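*Asks:* Only the shape, not the letters, is given here:
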């Protein structure tokens, strides 16, 4: 029986595998192969790690975030964020 390498996996499959881990593990897994590296950068993966109401949180922020990817958005949303005109911290 011939063994297939990670490079034979479709990126969507790799993203699904990484989404079953944690964000730190997804980052570490990007060192394993180029397909996991690509999956680890995909917005599809990082959307799964973001809170379900992240659009609402973003719309209520006092200072809007400027990011180019869902991965970049993840870390600031892990920190306390001022929302609702400065009346609440998320």
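*Replies:* Yes, it's here. Treat the numbers as computed from the prediction; the structure is a model and nothing was measured.

*Asks:* Show me the helices in this structure, by range?
*Replies:* For the chain, the helices identified by DSSP state H occupy 11-19, 23-29, 34-41, 43-49, 54-60, 70-78, in order along the chain.

*Asks:* out of these, nearest to residue 85?
*Replies:* Distances from residue 85 to each of these were compared using C-beta to C-beta; the shortest belongs to helix 54-60, at 8.6 Å. Where you see a C-beta, it was placed from the backbone N, CA and C, and this is true even at glycine.

*Asks:* Residue 87 is nearest to which of the helices of the chain?
*Replies:* In terms of C-beta to C-beta, the element of those nearest to residue 87 is helix 54-60, at 9.9 Å.

*Asks:* which ones are touching the residue nearest to residue 37 when sequence neighbours are not counted?
*Replies:* Spatial nearest neighbour of residue 37, excluding adjacent residues (C-beta to C-beta, 6 or more residues apart in numbering): residue 30 at 4.4 Å. Residue 30 makes contacts with 36, 37, 39, 40, 41, as judged by C-beta atoms under 8 Å, 6 or more residues apart in numbering.

*Asks:* Out of those, which comes closest to residue 23?
*Replies:* Checking these against residue 23 with C-beta to C-beta, the nearest one is residue 40 at 9.8 Å.
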